[in-house]
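K.L.:
Need the 3D shape of this:
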Amino acid sequence: MDSSRHTQELRVLHEISMIMNQCVDMRDVVQPILETLDDCLGFRWATITLLRKGGDDILIEAAHGLTQEQAQLGHYKLGEGVTGTVVLTGEPMVVPRTSESPLFLNRTKLVKSSDTSFICVPIKEKQEVVGALSVYRDFADQDQLVADRAILQIVASMMARALLLRRDLVAQQEVLEAENRQLRQELTRRYHPDNIVGNSREMQEVYDQISQVAKSQATVLIHGETGTGKELVAHAIHYASNRADKPFVRVHCAAMPESIIESELFGHVKGAFTGAVSDRKGRFELADSGTIFLDEIGEIPLAIQSKLLRVLQEREFERVGDVKTTKVNVRIIVATHRDLPAMVERGLFREDLYYRLSVFPIFVPPLVKRKADILLLANYFMQKYATLNEKPINGFLPEAIELLLKHRWPGNVRELENCIERAVLLTDGAVIQPDVLPVSIQNQTVAPLAETSPRRLDELGKLSLEEMVGSYEKTILADALMKCDNNVAAVARLLSSTPRIIGYKLKQYQLRSGSMA
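P.N.:
Numbering: from 1, shown residues only. Next up, the predicted model:
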């Protein structure tokens, strides 16, 4: 290979790697990559097309050298033209002269000369074809076109995982938009609380229930896992009710010792017990004409439950040590992460109180059930804590996004908020990277997006392209062998290949293997 060409290709790989490490998401990455291919290798026009998830439409995601009108013309079906054939078969195609190929459709109207060559390579993540990378160049001999195809295949492999993630996010957004359009007529009279972040279908159901119950006086039981935002739902109900300008009093039942919980809820009179040096109003009196929110109601002792039942039924009680009945006009909202019916069966919670509380139950789904909201919440918390800490952070690297989407979030929204706050504090640049996420999230297996070789970029000049790809492939195989205890069949499954191909590669790179089972 000509040394100047070799240097240009290494420069391309280096610059693309830097671009992918610095940019926030794939929308910011693809255009600079295509411009780099033009600047360094002389490709006049370049496009990245993506196959729509679950369909057969192939559309231009990004283009260099095309007008917006020309890019909109680049629409293909699977198997249609050169691009459609490459995406369908997963194999690259080189058209030495576009004027001599019946497969070349010239749909974007770019080619006006017969001396134009066209190269199209698939963008594949494992065995899944995501789309294609295409370039045009002045007519060149076969050796040059083969070299161009090789470098484009490497560039396509570097972008594959990020483009797959981008495509999946676009598909998810399209699904959400379709669902939102379908639900818009139903949701026109629904209340969307300003204090809750989330557009998933699961949360739309919660918003609908809030809207239905807010204007009533009904007791509401909010149940769901810890950290899902039950208190936010209680706030939303109160501030959408006719009591919005009245007190909202929160009581965390689990945080109060059993010895003082009665006094805290209902108040006491002077001399009722040691330390009661004056009359004191309880939380129910403080919430009079407004709303009282009893968080973690499942922690209320049985001895207090009977008195709470009376308040629910009669809206009256006596302070500790008092004989005078106090009446209150109060809306009661309770929340718990406990299984109250199971507690009733075990005698830990009064059955009559449970039925009084569950007049209108609202279930707040865990974060793992509303994955469509994870990125929305992550961006909200990122902006919140970046502003609080005066940091110029404006996004996440695609690898970090993928880790966030894969995590199961046992601590729900509270865990996600803590994770993002920590990440913001540890981030010095403009984007949040995977290495600032908690170890429990980092330990999920996500392959690096912009790594073309296990060697350092400053060592690339010592390798040919063939050696560089071989070194990368050997490292992947060695790592897979270690993870699979030298089991070839397991390695094949891990790498979405076949035992025969893996066996051949192991022999080629002189790597030891064990069982084929």
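
K.L.:
Now the terminal residues of stretch 326-339, how far apart.
P.N.:
Using Cα to Cα, to the nearest Å, one end of stretch 326-339 lies 32 Å from the other.

K.L.:
neighbours around G81, how many?
P.N.:
20 (other Cβ atoms under 10 Å). Backbone N, C-alpha and C define where each C-beta goes, glycine included.

K.L.:
Model confidence for it, exactly?
P.N.:
In this prediction, G81 carries a pLDDT score of 89.

K.L.:
go on, A140?
P.N.:
The predicted structure scores A140 at 83 on the pLDDT scale.

K.L.:
if I pick it, what's in contact with it?
P.N.:
A140 makes contact with P96, S117, D148, according to Cβ atoms under 8 Å, 6 or more residues apart in numbering.

K.L.:
So what pairs up with the residue nearest to G74 when sequence neighbours are not counted in the strands?
P.N.:
Beyond its immediate neighbours in the sequence, the residue positioned closest to G74 (Cβ to Cβ, 6 or more residues apart in numbering) is I60, lying 4.0 Å away. For I60, the beta-bridge partners are T49 (DSSP bridges).

K.L.:
Could you tell me how many residues sit around I60?
P.N.:
The number of residues packed near I60 is 22, by other Cβ under 10 Å.

K.L.:
hmm, back to that, list buried residues within the contacts of A140.
P.N.:
Among these, those scoring as buried are S117, D148 (criterion: 16 or more other Cβ atoms under 10 Å).

K.L.:
Just the contacts of A140: which are in helices?
P.N.:
D148 (DSSP state H).

K.L.:
Specify which member of the contacts of A140 is nearest to Q127.
P.N.:
Each of the contacts of A140 was checked against Q127 using Cβ to Cβ; the closest is D148, at 24.3 Å.

K.L.:
Endpoint to endpoint, stretch 331-341 covers what distance?
P.N.:
Using Cα to Cα, the span of stretch 331-341 from its first residue to its last is 23 Å.

K.L.:
just stretch 41-56 next, same as before
P.N.:
The first and final residues of stretch 41-56 sit 31 Å from each other (Cα to Cα).

K.L.:
mind listing what's buried in that stretch?
P.N.:
Along stretch 41-56, the positions that meet the burial threshold by neighbour count (16+ other Cβ under 10 Å) are L41, F43, W45, A46, T47, I48, T49, L50, L51.

K.L.:
any idea of the mean pLDDT in that stretch?
P.N.:
The model assigns stretch 41-56 a mean pLDDT of 81.

K.L.:
where's it relative to the chain centroid, distance-wise?
P.N.:
The gap between where stretch 41-56 is centred and where its chain is centred comes out at 25 Å by Cα atoms, centre = their mean, to the nearest Å.

K.L.:
Check stretch 7-18 too.
P.N.:
Stretch 7-18 sits 30 Å away from the centroid of its parent chain (Cα atoms, centre = their mean).

K.L.:
same deal with stretch 214-234?
P.N.:
Per Cα atoms, centre = their mean, the centroid offset for stretch 214-234 relative to its chain is 25 Å.

K.L.:
tell me the mean pLDDT over that stretch?
P.N.:
For stretch 214-234, mean pLDDT rounds to 94.
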